[in-house]
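Student: For reference, the sequence and a predicted model appear below.
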Amino acid sequence: MAARRRKKRKRRSRLSPLQRLARGLYSTLVVISAIIVGLWLGYKAASRQPDMAEPPPAPNLPTMTDDPSTTDVDESQQQGLQRKDATWTFLLAAEDQVSGSTDTIMVCTYDTVNQKIGLVSVPRDTAVDREGWKYYKLNAAYSNGNFYDPPDGGIEQLKTAVSEIVGFPIDHYVLIDTSIFVEIVNAVGGVDFNVPVYMNYDAPDQDLHIHYSPGMQHLTGKQALEVVRCRNNSDGPGEYPDNVYPAYPDLDIGRTRTQQEMVKTIAKKVLSNPQKVGSYVELFSKYVQTDLTLGNLLWFVEPALKFDFDDLTTGTLPGDGGATYHGHSVYELDAEGSLALINQCINPYTTDITQDMVRMVQGD
């Protein structure tokens, strides 16, 4: 018996170093695979598909009756407005650091089946007439709602006002503290960005100083925030604020275009650094308010990793920034052009949104 044991020990000792290494690697891979499977199962168990807002009734359709001969509307019309499969809509907004209004307002639609994302900016000065609330610019919806109906009245008021403009109820909101720009850009080592215009702005009352020449350059988080905030230059004749003039020839439309490009640039850089997911989650929880649950956010991880941000479709609702309404300078939407962009980029329905589904206030 002792001789047999000695033979077995000798046989084991005959394994070459390469064989022992292979055996160790195999054991390690088995353990790692088990961990990955466990994490994947945990992720699938925790993720929850987000809710969708109920669509409004289709406009101008006859009421259904028991007698099918009373209407010649086909079956698809009788069913009303239909959502595209697995397609969600979001309100993205950023609070102005000075006024408390929303400085950036965007509507995003994500078709997770066809991997299409549309992002449309709604100019902050867009004319609105919210009955009973007495404000006429869209960016006042947030601060007005917070004043009259805290703590969530502001974002709900803005969500409702934007929904009326685009013609469909918005599923979820994401309200961003712009400080996240600074930290998340720094977390990924900065971004390379093409600054579109000359920027030279000093606002002593805000301790704000923005100085950039046009062209591609590497930006830190603080610099990225300055670029997206810039609306005006202040090196005209006279003293501040009389020396201020628009930085963009197309006024706030140009700035919204820059904001869209910055969002796209940051998103691409974030997704190219998935190993920093822990930092992203921490920053998101610190600087973002949303009605999406953690499970909802986890649900979007899998489709988002497949999305190519070069395919992101963006636009800004067209209009006239020199209009007035009730004595206020406002941005009057071009109803026809805006409707075309909505249907092209962010319409979540299988049929077009029509003019009688939107509410676009015209100036005086």
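Tutor: Here it is on my side, so go on. All of these numbers come straight from a predicted model, not from anything done at the bench.

Student: now the helices: where do they sit in the stretch 201-350 of the chain?
Tutor: 221-229, 252-271, 277-287, 294-305, 335-345 (DSSP state H, counting those that start in this stretch).

Student: Make TSV out of those and add mean neighbour count, mean pLDDT and distance to M199.
Tutor: Every C-beta, even on glycine, is put in place using the N, C-alpha and C of the backbone. Output for the helices of the stretch 201-350 of the chain, formatted as TSV (neighbours: other Cβ atoms under 10 Å; pLDDT from 0 to 100; distance: least, Cβ to Cβ, whole Å):
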stretch	mean neighbour count	mean pLDDT	distance to M199
helix 221-229	20	94	7
helix 252-271	19	90	10
helix 277-287	14	84	24
helix 294-305	15	82	32
helix 335-345	17	96	27
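
Student: Now do stretch 340-354: distance to the chain's middle.
Tutor: 18 Å (Cα atoms, centre = their mean, to the nearest Å).

Student: Show the end-to-end separation of it, please.
Tutor: End-to-end distance of stretch 340-354 (Cα to Cα, to the nearest Å): 9 Å.

Student: heads up, I number from 342, so please use that
Tutor: With 342 as the first residue, the last one maps to stretch 681-695.

Student: Now tell me what touches it from outside.
Tutor: Where contact means Cβ atoms under 8 Å, 6 or more residues apart in numbering, the residues beyond stretch 681-695 that reach it are 396, 400, 422-425, 428-430, 448-450, 459-461, 507-509, 654-659, 680, 699.

Student: any idea how far V532 is from L658?
Tutor: V532 sits 26 Å away from L658, taking Cβ to Cβ, to the nearest Å as the criterion.

Student: just A502 next, same as before
Tutor: 13 Å.

Student: now swap in D543 and tell me
Tutor: The gap separating D543 from L658 is 31 Å, by Cβ to Cβ.

Student: Look up which residues are beta-bridged to the nearest residue to Q703 once chain neighbours are set aside.
Tutor: Spatial nearest neighbour of Q703, excluding adjacent residues (Cβ to Cβ, 6 or more residues apart in numbering): E673 at 6.0 Å. Assessed by DSSP bridges, E673 has beta-bridge partners D661.

Student: Tell me who's in contact with E673.
Tutor: Contacts here follow Cβ under 8 Å, 6+ apart; on that basis E673 touches A468, G660, D661, A664, Y666, V702, Q703, G704.

Student: Among those, name the ones in strands.
Tutor: Residues of the contacts of E673 located in strands (DSSP state E): G660, D661, A664, Y666.

Student: Turn the buried ones among those into a named ChimeraX selection, would you?
Tutor: With 16 or more other Cβ atoms under 10 Å as the criterion, this ChimeraX line picks the buried residues out of the ones in strands among the contacts of E673:
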select :660,664,666
